[in-house]
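Q: following is a predicted model, sequence given first.
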Amino acid sequence: MVSVELGVDLACKAQKEICSDRPNGKLIDKVPAAGQNALECIHSFPLFCVEGILTLEWEDETEDDELKEVVSQYLPDAVVWTTDWTTGSLIDQLTRGIFNVDPPFQRRQVWDDTRSSLYIESLLLGCPVPPITLAEVTNSASQQYLVIDGKQRLSTLKRFAIDETLILRGLEALTELSGASFRDIQGHAEYGRFENLPIRTNVVRNWKKDEVLHFIFNRLNTQVTPLSTHELRRSLIPGGFMKYLDERSAASASLKRILGISEPDRRLRDSELLLRAIAFSMFLSRYRGNLKVFLDSAARRLNNSWTSKTQSEVAGVVNDIEEAIDATYEIFGDAAFQRYENGKPLGRFNRAIFDIFVVSLARAPTRAALIESRARIADLLPLLLETNKDFNAWTQSTTKSQSAVFGRIQIWSAAVHDAIGVTIEPAS
């Protein structure tokens, strides 16, 4: 449950689920001054504290090895401009397409109608709400903004005032407006307050590298779950392939099984995993040791060549990826995609192990052969982790270097050949 203390009247305090785009957040209201250098003001952005977010057992690896060098070089050039746009002006700009709040875009939509309605109720009451943070896109033919912080709030405004698909429900203070649409509230006294309420807006300008925005996104979320590299990737590399990736990953039962979920993952780990699998399946020979650059390049390459022929090819690769995931579960059961210590699975998903099996089980004959010898293969992985120091290291530390990526696949392939006489050939 979100608890937001705004220090205003009782009616505003009743709005307990509307002042953060994130679960379990408490607002600390700090905003940068107009024109403040981004490096100087980065700690002044609104911060939120986490209380009890449920996270998956997941061995994460970050993709930000190059961030420090890029940020220190380019962040000082970025500036932050601060303004107060009214709700009415934000709606006008949403209508004109200046803010794109539709997918592909950061996190998936996570607010339900009740939470969205409580946000609208806060605006009708004149209740202070968190700032919105944008990044100005300078290479656009017309003025455009990427939304860094505030997607759920802007999406709610669009649904309510433009699409008119949000009907107010679950209101706590203005209960007489429950069931009202945007057109209905225009005849009420609260409408004038709603339309003219100023909302603090921070605009990041003159940013020259995607990594600068990633750094700012993460720093905005310092005390909550950070915005992932893939959530940023969806905003910065839109296109036909990325839309397909989002839709296909959301529908994948195999990816849901890995994540232990029944619905699309709102942090987009399903989409990131599928991109990773596609990239290693189609472009493994191009990997040079920088995972973020590799995945970004794969996304751009497929976006730029997204024809019906490419889509058909990618769909075939995805089918093989899902078959490889399912085959891994047939072989290892609940221990699939895990490292072992002392012969026992650790109970955490491991991306390096995921890479090995997505690549090595890419072909149907190989899948069939390894499933037929599942008992020997199931014993082989913990044995290899225990006896081969390189293989062990390349699945738990320094996992993204070129030698680690190719090395762990080659060692596994050689071990499989020695054990059951099957030669593993990657799909490409």
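A: Received the coordinates, thanks.

Q: how does the chain divide into domains?
A: With automatic domain parsing serving as the domain definition, the record reports that the chain contains domains spanning 10-223, 240-420.

Q: ranking those domains by mean pLDDT, which is last?
A: The stretch with the lowest mean pLDDT among the domains of the chain is domain 10-223, at a mean of 71.

Q: and the strands in the stretch 101-250 of the chain?
A: 132-137, 144-149, 198-205 (DSSP state E, counting those that start in this stretch).

Q: so for residue 232, which of the ones you listed sits nearest?
A: Shortest distance between residue 232 and those, using Cβ to Cβ, is found for strand 144-149: 9.2 Å. (C-beta placed from N, C-alpha, C; glycine too.)

Q: and the closest one, what does it pack against?
A: Contacts of strand 144-149 with other secondary structure elements, assessed using 3 or more Cβ pairs under 8 Å, 6 or more residues apart in numbering; DSSP states H and E, are made with strand 132-137, helix 210-220, helix 229-236.

Q: please repeat the previous calculation with a cut-off of 6 Å.
A: Applying 3 or more Cβ pairs under 6 Å, 6 or more residues apart in numbering; DSSP states H and E, one finds that strand 144-149 makes contact with strand 132-137.

Q: what residues sit buried inside the strand it packs on?
A: 132, 133, 134, 135, 136 (16 or more other Cβ atoms under 10 Å).

Q: residues contacting the second one?
A: This points to residue 133. For residue 133, the contacting residues are 148, 149, 202, by Cβ atoms under 6 Å, 6 or more residues apart in numbering.

Q: closest to residue 413 among those?
A: For residue 413, the nearest member of these is residue 148. The distance, counting by Cβ to Cβ, is 42.8 Å.

Q: report the beta-bridge partners for the residue found closest to that closest one once you drop the neighbours it is linked to in the chain.
A: Counting by Cβ to Cβ, 6 or more residues apart in numbering, the nearest residue to residue 148 once its immediate chain neighbours are dropped is residue 133, at 4.2 Å. Listed beta-bridge partners, residue 133: residue 149, residue 202 (assigned using DSSP bridges).

Q: and residue 133, how far is that from residue 78?
A: When distances are taken as Cβ to Cβ, to the nearest Å, residue 133 and residue 78 turn out to be 12 Å apart.

Q: which of the buried residues of strand 132-137 lies closest to residue 280?
A: Minimum separation from residue 280 among these (Cβ to Cβ) is found for residue 135, which lies at 30.2 Å.

Q: ok, the closest one to residue 82 distance?
A: Looking at residue 135 against residue 82, where the rule is Cβ to Cβ, the gap reads 14 Å.

Q: hang on, the earlier thing: same list (the buried residues of strand 132-137) but as CSV, adding distance to residue 361.
A: Supplementary listing: the buried residues of strand 132-137 in CSV, determined by distance: Cβ to Cβ, whole Å:
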residue, distance to residue 361
132, 45
133, 43
134, 44
135, 40
136, 45
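
Q: nearest to residue 381 among those?
A: Closest to residue 381 out of those is residue 135 (43.7 Å), distances taken as Cβ to Cβ.

Q: wait, that closest one sits on residue 146?
A: Yes: Residue 135 is in contact with residue 146 according to Cβ atoms under 6 Å; the separation is 4.4 Å.
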